[in-house]
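> just to be clear, the model below is a prediction. Sequence and coordinates:
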Amino acid sequence: MSGVEDLMTRLELLSLQDRYVAAIDNDRIEEWPGFFTEDCLYEIVSRENEEAGLPAPVIHCDNGRMLRDRVVALRHANIYEKPAYRHMLSGMEWREEADGSYAISTSYVVVNTSQEGESRIYQAGRYLDRVVRTEAGLRFREKRCIYDTLRVQTLLAFPI
Amino acid sequence: MSGVEDLMTRLELLSLQDRYVAAIDNDRIEEWPGFFTEDCLYEIVSRENEEAGLPAPVIHCDNGRMLRDRVVALRHANIYEKPAYRHMLSGMEWREEADGSYAISTSYVVVNTSQEGESRIYQAGRYLDRVVRTEAGLRFREKRCIYDTLRVQTLLAFPI
Amino acid sequence: MSGVEDLMTRLELLSLQDRYVAAIDNDRIEEWPGFFTEDCLYEIVSRENEEAGLPAPVIHCDNGRMLRDRVVALRHANIYEKPAYRHMLSGMEWREEADGSYAISTSYVVVNTSQEGESRIYQAGRYLDRVVRTEAGLRFREKRCIYDTLRVQTLLAFPI
């Protein structure tokens, strides 16, 4: 970010991130696909693989239909334990790209509470996002979740 | 939230939440009742009970005197271990209600450090707040702490 | 903070804190000294010592050269395990001092992920900062990290 930061754009991007995690954490995952453009990329990849240039994401969706299918699958699946996430966010950095989109990096720590009521850190990492301005507001064209934490992913993982 | 968000109101509400948790975390609980209107509701209730429509809060205060009494009790109590909290906040959503008040939801994770110096997640959950604009600034008319985490509450619990 | 808060100054200070922790968390510690004025104070001290008026910091740097030396040492050291931090921030309070600088308090929780991929709370505490406006933007003249958590510090500690 060179020169003087546009603080109102920062605030708008922070609001997008806050509303995104709120939809997940407050059990409204039906809203989750609506944060993306129809042509999009969503993936979850380990930091180790990312840094080695070997993405091999544990989750990879590249259009809105895949995101919506995932929501349906999650709602109808017989999941032994539904997650109760709280996403904490911090350290947002952003810059405007030549095409007018925003490249964003944000650290996250996801705390999960088990049905027995024990809260633990489930995943730490960072979002690498690309955000575009649409008629309906800001949307993710890309959201890549690069996780630091190694944890066996459940078969039908909830979105991060 | 429909239409374009009023980002300055968001920032003002984030500031209120930040100053509220700072007063608790920095051992100035005498300031805590001042964040509320005199006629107010403060309660701590489990998510399980909240979702079942059976509130049964572990703490319930419905006026400023009860909040002030609680502060006096906490300061004079012989508490074996005084908490050292750090409230992390995220995922704020808000909307303006017909009466001009603000309905807010904010995720929180409270980290507690024991006197032996071990930091653990004490409670995760969310605030469901109702905020009003007074001559002295924004105040909570309601703050309901809906916790995900099951943990035996100490008899004289500190505010969340 | 008396009277009406200058929300844009708050936002600017939040941005500074976010960019500061992002540089550390995203492995760009070479940028770390650049967040400070050349004549500066950086220290890490326990809450217990701070409250007893016996600072005895575990780390103390009082100029930019010391910060830069630390970065070089960290990069060249044979550290058994490089930290993977995620700093979560919350509860920012600030006021403008008579000399035009800003006195800031911000709670932090640092999550560290080990090379085995386990994420744990490494340190909770708060920053007590003094920030000044320079031609190049806001800079820390002082950053004091007052930690709640007792944990054996590694010999060559990474910045908090």
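Sure, I can see it. Numbers count the residues shown, from 1 in each chain, chains lettered A, B, ... in the order given.
> name the nearest residue to A:Arg130, sequence neighbours excluded.
A:Glu142 (3.9 Å; CB to CB, 6 or more residues apart in numbering or on different chains). The way it works is simple: take the backbone N, C-alpha and C, and place the C-beta from them, glycine included.
> and what of A:Leu14?
Here the residue nearest A:Leu14, using CB to CB, 6+ apart, is A:Met92, at 6.1 Å.
> that neighbour contacts A:Ile104, correct?
Yes - contact criterion CB atoms under 8 Å: A:Met92 and A:Ile104 qualify, at 6.5 Å.
> and the residue nearest to A:Arg130, how many neighbours?
By other CB atoms under 10 Å in any protein chain shown, 20 other residues sit near A:Glu142.
> before we move on, what about the one 5 residues further on?
Here the count is done by other CB under 10 Å, and A:Tyr147 has 26 residues near it.
> again with A:Glu93
20.
> confirm that it sits in a helix.
No - per DSSP: H, G, I helix; E, B strand; the rest coil, A:Glu93 lies outside any helix segment and is strand.
> got phi/psi on the nearest residue to A:Glu30 once chain neighbours are set aside?
With sequence-adjacent residues excluded and distances taken as CB to CB, 6+ apart, A:Glu30 is closest to A:Val71, at 5.8 Å. According to degrees, to the nearest 10, the main-chain angles of A:Val71 amount to phi -60, psi -50.
> and if you look at the one 3 residues further on?
When read as degrees, to the nearest 10, the backbone of A:Leu74 gives phi -70, psi -40.
> give the contact list for the residue lying closest to A:Ser46 once chain neighbours are set aside.
Once flanking residues are discounted, A:Ser46 sits nearest to A:Tyr147: 5.9 Å by CB to CB, 6+ apart. Contacts for A:Tyr147 were tallied using CB atoms under 8 Å, 6 or more residues apart in numbering or on different chains; they are A:44-47, A:123-125, A:160.
> between the residues you listed, which is closest to C:Cys61?
For the contacts of A:Tyr147, the minimum distance to C:Cys61 (CB to CB) is 27.2 Å, reached by A:Ala124.
> for A:Glu116, which non-adjacent residue is closest in space?
Per CB to CB, 6+ apart, closest to A:Glu116 is B:Leu150, 6.9 Å.
> so that neighbour touches A:Gln115, yeah?
No - the pair B:Leu150 / A:Gln115 is not scored as a contact, 9.1 Å apart, by CB under 8 Å.
> more crowded one of the two?
Legend: neighbour count by other CB under 10 Å for B:Leu150 and A:Gln115, higher for B:Leu150 (17 against 12).
> sticking with that one, tell me its helix or strand.
Using DSSP states H and E, B:Leu150 falls within no helix or strand.
> now do A:Ala56
A:Ala56 belongs to no helix or strand, assigned by DSSP H and E.
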